[in-house]
Every structure is written in C-alpha cells, then in structure tokens.
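Asker: Turn this into a structure:
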Amino acid sequence: MTKHSKHYPHYLDLQPVMQVQGTVRLPGSKSISNRTLLLAALSEGVTEIKDLLASDDTLVMLNALQKLGVHWEQEGDTQNYRVHGVKGHFPHQHADLFMGNAGTAIRPLVAALAVLGGDYTVHGVSRMHERPIGDLVDALNVAGAQIDYTGNPGYPPLHIHRGHLHAQELQVKGNVSSQFLTALLMAAPLMATVHDVRIQVIGELISKPYIEITLNLMARFGVVVERDGWQTFTIKAGQHYVSPGVMHVEGDASSASYFLAAGAIAGGPVRVEGVGRDSIQGDVRFAEALEKMGAIITRGDNWIEARSGGTLQAIDMDFNHIPDAAMTIAVAALYANGPTTLRNIASWRVKETDRLSAMATELRKVGATVEEGADYMVVTPPAQMLPASIATYDDHRMAMCFSLASLDGKARRGAVMRINDPQCVAKTFPDYFEVFAQINHQELF
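Answerer: Numbers count the residues shown, from 1 in each chain. Modelled structure (predicted):
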C-alpha cells in the first residue's frame with residue numbers, strides 16, 4: 001500500500017503572515033475512518049470505503065486487521081478501499097498487534113478481540129503504554145474476558161486470552177475517555193447473539209459527540225442502539241453488522257479547526273470542504289466557539305467558512321464536548337482582547353501527551369500568561385507575541401495549533417514560530433504544513 005508519511009525537516013520556521021485566504025479540502029475524519037474500518041471488517045459483505053484518512057493512525061488499524069486475517073485492497077493511489085467482512089469472526093486466532101499511539105484503533109479492537117476470543121498481544125509506542133485503558137479492561141474482565149496487563153496495571157501492553165464473554169450487563173466509567181464506551185458499544189452486537197446486552201455508564205460521560213459518531217456508524221452497518229439519556233445503552237439480541245455497500249468518510253472536523261481559526265484571526269475568508277451543517281462530528285461545533293469570539297461563520301451542506309469580524313473577543317466556555325478542537329481555541333486566545341477560560345478539559349491530560357501541561361508551557365514561550373488548573377486553563381494574551389521554538393511532544397495537535405501563532409491578527413502581530421518535529425502531524429494530517437502554506441501563500445521548503 002502507499003506510504004502515508006511525508007518527510008519533513010527536523011523543524012519548520014513559519015514567518016509572520018498578514019492575511020490568509022483560500023479553500024481547503026479536508027482529509028478524512030480519523031474518528032470515522034477507524035470506526036468504519038473495524039465495522040466493515042466485522043460485517044457481512046464487502047464495504048467500499050471512500051476517502052479514508054491517509055495517516056499513521058489508520059495505517060495502524062489497516063495493518064492490525066490484515067494480521068487478523070481481514071482482506072482489504074486499496075484502489076490504486078486513491079484513498080478508496082474495499083474491505084471484505086469476516087461476519088464477526090476473525091480468521092486468525094493468534095496475533096501480535098502493534099497499535100502505535102492510536103487510541104481510536106486500540107480501544108475498540110481490544111473489546112472486539114476480548115469478545116471474539118483468541119490469543120492476542122496488543123502493544124504500542126511508549127506513550128500508548130502511558131495512556132489509560134483500565135476502565136475498559138476492567139469492564140470486559142468483570143463480564144468474563146481474560147485480559148492481562150503485561151506492563152503497568154491499567155495500561156497497555158495487554159495479553160488477551162480466550163475468554164467466554166456473554167454478559168448481558170456491562171458497566172463502564174465515562175469520565176476518562178469516551179473511547180471506552182465506544183469500544184463496548186461496537187463489540188456489544190458480537191455478544192448479543194441470544195440475549196440483549198445493556199451497557200451502563202458510571203458517572204459523567206465526557207466527549208458525548210464522539211458517542212454520537214459511534215451510534216450513527218453502527219446504525220449504518222445495521223445495528224440500532226437504544227439509549228436512555230447518556231446512562232444506559234441497550235443492544236437488542238440478534239442484530240449483526242451488515243455492509244452498507246459504500247461508505248463515504250467525512251472530512252475531519254478537528255482538522256478543520258486550524259483553518260477556520262486562521263480565517264478568524266487573519267482576515268479570511270477561509271473555507272473548509274468535507275464537513276458542513278449536517279456533519280455527524282461534534283467538532284463542527286468548534287465554529288460556534290469562534291462565533292462567540294466574534295468571527296463571522298457561514299455554513300453550507302458540505303463546507304464551513306470563517307472570516308475575521310475584528311479583534312477576537314475573550315470567552316469563558318465549557319469545552320468538554322469538543323476537547324480536541326478546544327486546543328485550537330487556546331491558541332486563538334492569543335489574539336483575544338482579554339483572558340480566555342477553557343473549562344472541563346481534564347481529558348487533555350491522557351491524550352497523545354499531557355496537553356494541559358504542554359499547552360501551558362508552549363503558550364508561555366510566546367508571551368502569554370497561563371493559569372493551569374487540574375481541568376481548566378486561563379490564557380491571557382501577551383501585549384506582543386514573542387518568537388518561539390515550539391516543542392511538539394510527538395503530538396500532532398500541538399504542531400498544528402502553534403502554526404497559528406505566526407498569523408497577524410487585529411489585536412497583535414504574529415511572530416516567527418519554529419515548529420520542532422513537524423513530522424508528528426503524520427498521525428492525522430501528513431500534508432498539514434503544505435496546506436497551511438497554501439492559505440497563507442508562503443513557500444515553506
């Protein structure tokens with residue numbers, strides 16, 4: 001298959017830019033891509049997936065499915081794939097699976113493997129072994145799975161043994177990652193052969209829009225989940241995944257946030273294509289946060305456009321529903337007319353890096369005053385942006401966010417931003433810096 005990663009230099013120097021303008025065709029959604037790959041694999045029939053995201057995270061899922069005996073083909077050099085479903089039974093009962101740092105891949109796959117049974121080892125990069133998976137594993141083990149931690153308890157790497165998981169009731173905590181609930185939901189139809197399966201969420205469920213993506217995609221593959229608010233989810237017995245034939249992957253709404261913010265900061269208009277008012281992704285609501293900051297947003301069926309409405313306004317907002325896109329607001333806050341408060345973002349601490357700590361550190365480099373709490377951040381913009389060498393922590397979103405600090409806004413001018421290890425954007429958006437250069441009309445290389 002084609003290689004996904006671009007080769008960037010060890011660092012990129014982004015020069016200050018007066019105005020951005022243009023149209024960006026978004027790469028496919030990571031959340032939709034990896035869910036769709038697993039559902040297509042578990043289905044009856046062949047699924048044609050159009051516009052799959054080309055990235056490290058999807059490559060991890062494709063390779064894992066191949067090791068499990070799932071056949072797929074890529075159509076030439078396109079991002080269209082044909083996945084041959086295995087009707088809920090992976091052909092290979094033994095496999096060693098490397099999952100990189102892809103939370104959207106490892107968590108649902110672990111649940112499916114635990115239910116279907118076999119002998120599997122699952123591991124990733126060192127940061128993945130620091131990202132919690134205990135709430136999911138505990139929920140599965142209580143229900144009859146046999147999953148051992150082979151490193152630190154509560155974290156990958158894991159050894160999945162052949163269990164007998166036919167539980168009718170499952171409980172999972174909702175306050176660390178919504179991916180744990182997504183994993184159980186996607187695996188539940190594999191359990192619900194004779195009896196209904198009911199999943200109960202303990203405590204507050206974070207990142208609810210990501211659960212809506214999961215439920216929407218499961219329905220497209222023929223499985224309907226009944227829910228009582230956000231506390232209980234019931235999968236009726238006898239449902240199984242059936243290919244819808246063709247699946248089109250929406251553009252990535254989290255990736256859209258950088259270009260929409262650029263338009264809001266530095267004139268615009270900047271239009272993103274691939275997501276619009278009917279998107280199933282919660283991160284399109286990022287545009288609402290920009291509107292609160294005074295940006296002018298226009299929406300179509302398959303596009304969103306942002307332009308500056310003057311100096312950005314400081315806001316105080318709960319971002320529990322869009323934690324990934326909220327990082328972009330933290331950098332947009334550098335251009336606001338006062339302190340901006342981002343609340344309810346504790347999940348940042350268990351992502352690709354501790355994003356609360358990392359974001360606070362790098363924002364201070366460019367001159368901001370930052371108050372970092374356990375689950376909140378207050379960003380007071382600097383009088384003058386300072387040139388900085390930005391550490392990216394092997395986190396794609398850190399690199400993409402801080403590209404915006406090179407822009408000239410109404411309130412203050414951007415400065416030279418040195419982005420270290422720009423290669424990390426390959427996780428979700430290998431072409432990011434080329435596309436960013438197109439809207440700011442700069443030569444990067």
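
Asker: Got phi/psi on the residue lying closest to N420 once chain neighbours are set aside?
Answerer: Using CB to CB, 6 or more residues apart in numbering and skipping the chain neighbours, the partner closest in space to N420 is Y11 (4.9 Å). All C-beta spots, glycine's among them, are computed from the backbone N, C-alpha and C. Y11 adopts backbone torsions of phi -150, psi 160, taken as degrees, to the nearest 10.

Asker: swap in M99?
Answerer: Dihedral angles (degrees, to the nearest 10) for M99: phi -110, psi 10.

Asker: re earlier: wait, what's in contact with the residue nearest to N420?
Answerer: Residues near Y11 by CB atoms under 8 Å, 6 or more residues apart in numbering: 389, 418-422.

Asker: Next one, pLDDT for it please.
Answerer: As predicted, Y11 sits at a pLDDT of 97.

Asker: One more: A167?
Answerer: For A167, pLDDT reads 85.

Asker: ok, how many other residues are close to the closest residue to it other than its chain neighbours?
Answerer: Taking CB to CB, 6+ apart, and ignoring the residues beside it in sequence, A167 has A143 as its nearest neighbour in space, at 3.5 Å. Close neighbours of A143, defined as other CB atoms under 10 Å, add up to 22.

Asker: May I ask you to confirm that A143 is in contact with V172?
Answerer: No: assessed by CB atoms under 8 Å, A143 is found out of contact with V172, at 10.0 Å.

Asker: how near is the residue nearest to A167 to Y149?
Answerer: A143 sits 17 Å away from Y149, taking CB to CB, to the nearest Å as the criterion.

Asker: tell me the phi and psi of the residue of the chain positioned farthest from its centre?
Answerer: Of all residues in the chain, V194 has its C-alpha farthest from the mean position, at 33.7 Å, by CA atoms, centre = their mean. When read as degrees, to the nearest 10, the backbone of V194 gives phi -110, psi -40.

Asker: picking that back up, which neighbours do A143 and V172 share?
Answerer: Going by CB under 8 Å, 6+ apart, no residue sits against A143 while also sitting against V172.

Asker: Extract the CA atoms of stretch 68-83 and return them as PDB.
Answerer: In PDB, the C-alpha atoms belonging to stretch 68-83 read as follows (Å, rounded to 0.1, in the frame of the first residue of the first chain):
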ATOM      1  CA  LEU A  68      -6.200 -10.800  12.000                       C
ATOM      2  CA  GLY A  69      -7.000 -12.200   8.500                       C
ATOM      3  CA  VAL A  70      -9.200  -9.500   7.200                       C
ATOM      4  CA  HIS A  71      -8.600  -8.900   3.400                       C
ATOM      5  CA  TRP A  72      -8.700  -5.400   2.100                       C
ATOM      6  CA  GLU A  73      -7.500  -3.700  -1.100                       C
ATOM      7  CA  GLN A  74      -6.600  -0.100  -1.800                       C
ATOM      8  CA  GLU A  75      -7.800   1.300  -5.200                       C
ATOM      9  CA  GLY A  76      -4.500   2.400  -6.900                       C
ATOM     10  CA  ASP A  77      -3.100   5.500  -5.300                       C
ATOM     11  CA  THR A  78      -6.600   6.700  -4.100                       C
ATOM     12  CA  GLN A  79      -7.800   6.700  -0.500                       C
ATOM     13  CA  ASN A  80     -10.600   4.300  -1.500                       C
ATOM     14  CA  TYR A  81     -10.500   0.800   0.000                       C
ATOM     15  CA  ARG A  82     -12.500  -2.400  -0.300                       C
ATOM     16  CA  VAL A  83     -12.800  -4.300   3.000                       C
END
